[in-house]
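Engineer: Predicted coordinates and the sequence they were generated for:
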2 protein chains.
Amino acid sequence: METRELAYFLEVARELHFGRAAERLGIAQPPLSRAIARLERRLGVRLLERTSRRVTLTAAGETLLAEGEAALESVQAAVRRTRRAGQSGARLVLAMKPGGDGGGLLPEMLAEYEREPDALPVEMVFGYGARQALDDGTADAALLYAPRANLTGLAVEELMVEPQDVVLPRTHRLAGRDSVSMADLAGERLPRLPHRPDEGDGPLVTDGGQVMQLIALGRIVAVLPRSYRRLLREDLTAVPVPDAPPTTLVLAWPEQSRSRALAAFVRVTAAVAARHNARPDADARALQTVPDLG
Amino acid sequence: METRELAYFLEVARELHFGRAAERLGIAQPPLSRAIARLERRLGVRLLERTSRRVTLTAAGETLLAEGEAALESVQAAVRRTRRAGQSGARLVLAMKPGGDGGGLLPEMLAEYEREPDALPVEMVFGYGARQALDDGTADAALLYAPRANLTGLAVEELMVEPQDVVLPRTHRLAGRDSVSMADLAGERLPRLPHRPDEGDGPLVTDGGQVMQLIALGRIVAVLPRSYRRLLREDLTAVPVPDAPPTTLVLAWPEQSRSRALAAFVRVTAAVAARHNARPDADARALQTVPDLG
DNA sequence: CACGACCGATACCTTGGAGGTATGGATCTG
DNA sequence: CAGATCCATACCTCCAAGGTATCGGTCGTG
């Protein structure tokens, strides 16, 4: 099966209408009909039931819709990464949330990485779509928080385990406490993240500034890894939540990636994180002394 | 990028020789050279450095070799599953190790599944390549033992947690014990499995009968989930190893699979397993009374 | 019930590209 | 330096992908 045939089928399977699918694909309807018929002949399987009024998927068609989408995306991701690897100014693209750098380890990681012989210039992309950037070939590696992020299909290196704090307005009833429990937060609204739409009950948020804004307005509170303290505005404060499940910062990359530049980056980040983890007291003290105004 | 172009490139990238690659692909060398040149032109990237004496991969070429192999396999897996879904005698193919059925839960699962409206006939394939069967589209689901098996990229449903036993010849110095610790096994040789070649120090084994044979000969001992007791020969015995990490039997399937037949199977197996887990005493007693001669 | 609108399939044409063979040009070996 | 090796190029053939025109079947509507 050629990727063009697959792309054609997917478009028809999604539209369930040859004419509209052809228009979206930028070709005429007859060649599309023929391409689908040829694909069915080659697979030896009927993918679509069609009358002159209605197009429906067969069981085989449903299978190819589900499996083929993933397969086509992985081909396109391979193309994107290959293009990026070949461009003169090749870069290692690292996706992360703003502030999701494990308590400021990133500058040290980057500095150390640049001294590696296999190093490439590192480019960072920010935003909540880190996982998607990895899947579509836009990024080579990502800093993610487990278990919050979906790590299936990725190779990961655990960097550090972080306890979580709840971020509150300074005027909040719990703001003065030394610690709070999850039970204390029962009545509060928590933000919903785009990639986990079924968790939380508050508004959908798409970037970190928005979260801080909503907290400041008293609309929500958020439970975040401790290193986010560095990003607090002066009207917010953070209180430890000892019984919130600790969060693990991981470096993740597509399993099949084998580039020397990436391998060196994984090695260096793991080494830097290990060095920091070996000095828990120093780090803990450093975090304690981070002023709330970040 | 078309899959034919990708397959051509992968062959050249593996052989690093246009003539041999063309021969393996069953085409002449000039069309292959042209196909690669056109692919490079379309990607806008040089994939191979070639003199008349030597072919080497560029950084972009290495990327496409690694990423493209996985992508092409996923396309081919999609084709296989689509073909199977469309055949008149469509079946749900379940891959498993012989005996890896979680203490005999499988018959009950199958009986219950057959009563589902969306059920398909279930076909079982055995062998140590269960993970590979899932990846290449030969199987729809697999029973695997975590953390022994590599589950990345799969959707999983945990079925049951099993403690592990060490399987020994009846004449072994530890055979009479009520339990042994991992430390007691320090001097023993453990089998190496094909999919985990770096674990264990003994001979490579490829099927369950072979393992039992090697244990009976006194060449190795093996630490296995408790349900394997059912498969013991009369000259072997099993002793609990409380400090061996417990093993979790999981049902795994490709993340993107969405067929109703598979969804029903997942639902039924989870329900059967949950029912058994809710009666731990009954199951424990049942396992205790399984005679060693299986 | 008849007519028009809609929609996928078919017929027929043009053209790009995938495959072949023959051969050129570069590089290493003896 | 001669020969072997190997990738690229030139040139040919042919299939199939894409286009337009049109057919035939199905539904909604007056």
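Structural biologist: Great, that's in hand. Numbers count the residues shown, from 1 in each chain, chains lettered A, B, ... in the order given.

Engineer: isn't A:Thr247 right next to A:Leu143, touching?
Structural biologist: No. When contacts are counted by CB atoms under 8 Å, A:Thr247 is not listed as touching A:Leu143 (11.9 Å). All C-beta atoms are positioned from the backbone trio N, CA, C, and that covers glycine.

Engineer: Please identify the helix or strand for the spatially most central residue of chain A.
Structural biologist: By CA atoms, centre = their mean, chain A has its centre lying nearest to A:Arg131, at 2.3 Å. Using DSSP states H and E, A:Arg131 falls within helix A:130-135.

Engineer: Please apply the same query to A:Trp253.
Structural biologist: Per DSSP H and E: strand A:247-254 holds A:Trp253.

Engineer: partner strands of that strand, parallel or antiparallel?
Structural biologist: strand A:141-146 (antiparallel), strand A:154-162 (antiparallel) (DSSP bridges).

Engineer: Count the residues that sit near the nearest residue to A:Leu174 once chain neighbours are set aside.
Structural biologist: In space, A:Leu174 comes closest to A:Val180 once its chain neighbours are excluded; the distance is 5.2 Å by CB to CB, 6 or more residues apart in numbering or on different chains. A:Val180 has 21 neighbouring residues, counting by other CB atoms under 10 Å in any protein chain shown.

Engineer: where does A:Val180 fall, phi/psi-wise?
Structural biologist: In terms of degrees, to the nearest 10, the main-chain angles of A:Val180 are phi -130, psi 160.

Engineer: Repeat that for A:Thr56.
Structural biologist: phi -130, psi 160.

Engineer: okay, it: pLDDT?
Structural biologist: Predicted confidence (pLDDT) for A:Thr56: 89.

Engineer: what's the closest non-adjacent residue to it?
Structural biologist: Using CB to CB, 6+ apart, the closest residue to A:Thr56 is A:Glu49 (4.8 Å).

Engineer: can you pull the contacts of that neighbour?
Structural biologist: A:Val55, A:Thr56, A:Leu57, A:Thr58 (CB atoms under 8 Å, 6 or more residues apart in numbering or on different chains).

Engineer: Can you give me every residue that contacts the residue nearest to the first one when sequence neighbours are not counted?
Structural biologist: Meaning A:Val55. Nearest non-adjacent residue to A:Val55, counting by CB to CB, 6+ apart: A:Leu16, 4.6 Å away. Residues near A:Leu16 by CB under 8 Å, 6+ apart: A:Arg54, A:Val55, A:Thr56, A:Leu57.

Engineer: Give me the buried subset of the residues you listed.
Structural biologist: Listed as buried from the contacts of A:Leu16 are A:Val55, A:Leu57; burial here means 16 or more other CB atoms under 10 Å in any protein chain shown.

Engineer: Which member of the contacts of A:Leu16 is positioned nearest DNA strand D?
Structural biologist: A:Arg54 (6.5 Å; CB to the nearest atom of the strand).

Engineer: how much space is there between A:Gln213 and chain B?
Structural biologist: 35 Å (CB to the nearest CB, to the nearest Å).

Engineer: quick one: pLDDT of that residue?
Structural biologist: At A:Gln213, pLDDT is 79.

Engineer: Just give the strands next to whichever strand or helix holds A:Leu168 in its sheet, each with its orientation.
Structural biologist: If you go by DSSP H and E, A:Leu168 is part of strand A:164-169. With DSSP bridges as the test, strand A:164-169 is paired with strand A:222-225 (antiparallel), strand A:236-240 (antiparallel).

Engineer: Alpha carbons only: can I get the shortest one in CSV?
Structural biologist: Pointing back at strand A:222-225 there. Provided in CSV are the C-alpha atoms of strand A:222-225 (Å, rounded to 0.1, in the frame of the first residue of the first chain):
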residue,chain,number,x,y,z
ALA,A,222,-3.6,24.1,40.8
VAL,A,223,-1.4,21.3,42.1
LEU,A,224,2.0,21.5,40.4
PRO,A,225,5.5,20.1,40.8
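
Engineer: what residues does it touch?
Structural biologist: Residues outside strand A:222-225 that contact it (CB under 8 Å, 6+ apart): A:100, A:145, A:162-167, A:185, A:190-191, A:211, A:215, A:238, A:241, A:244, A:247, A:249.

Engineer: Show the buried residues in those.
Structural biologist: Buried among the contacts of strand A:222-225 (16+ other CB under 10 Å): A:100, A:145, A:162, A:164-167, A:185, A:190-191, A:211, A:215, A:238, A:241, A:244, A:247, A:249.

Engineer: Please go through those and note which also touch DNA strand D.
Structural biologist: Counting by CB under 7 Å from any atom of the strand, nothing from those sits close to DNA strand D.

Engineer: Tell me the first helix or strand C-terminal of the strand holding A:Leu168.
Structural biologist: helix A:208-216.

Engineer: on that earlier part again, looking at the strands paired with strand A:247-254, which one is packed in the most?
Structural biologist: strand A:141-146 (a mean of 22; mean count of other CB atoms under 10 Å in any protein chain shown).

Engineer: Off-centre distance for it?
Structural biologist: 7 Å (CA atoms, centre = their mean, to the nearest Å).

Engineer: and that strand, average pLDDT?
Structural biologist: 86.

Engineer: Output that strand as PDB, nothing but the C-alphas.
Structural biologist: Extracted C-alpha coordinates of strand A:141-146, given in PDB (Å, rounded to 0.1, in the frame of the first residue of the first chain):
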ATOM      1  CA  ALA A 141      12.900  15.100  22.800                       C
ATOM      2  CA  ALA A 142      10.600  16.500  25.400                       C
ATOM      3  CA  LEU A 143      10.600  17.200  29.100                       C
ATOM      4  CA  LEU A 144       7.400  15.700  30.500                       C
ATOM      5  CA  TYR A 145       5.900  15.100  33.900                       C
ATOM      6  CA  ALA A 146       4.900  11.500  34.600                       C
END
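
Engineer: Before I go, just wanted to say thanks for your time.
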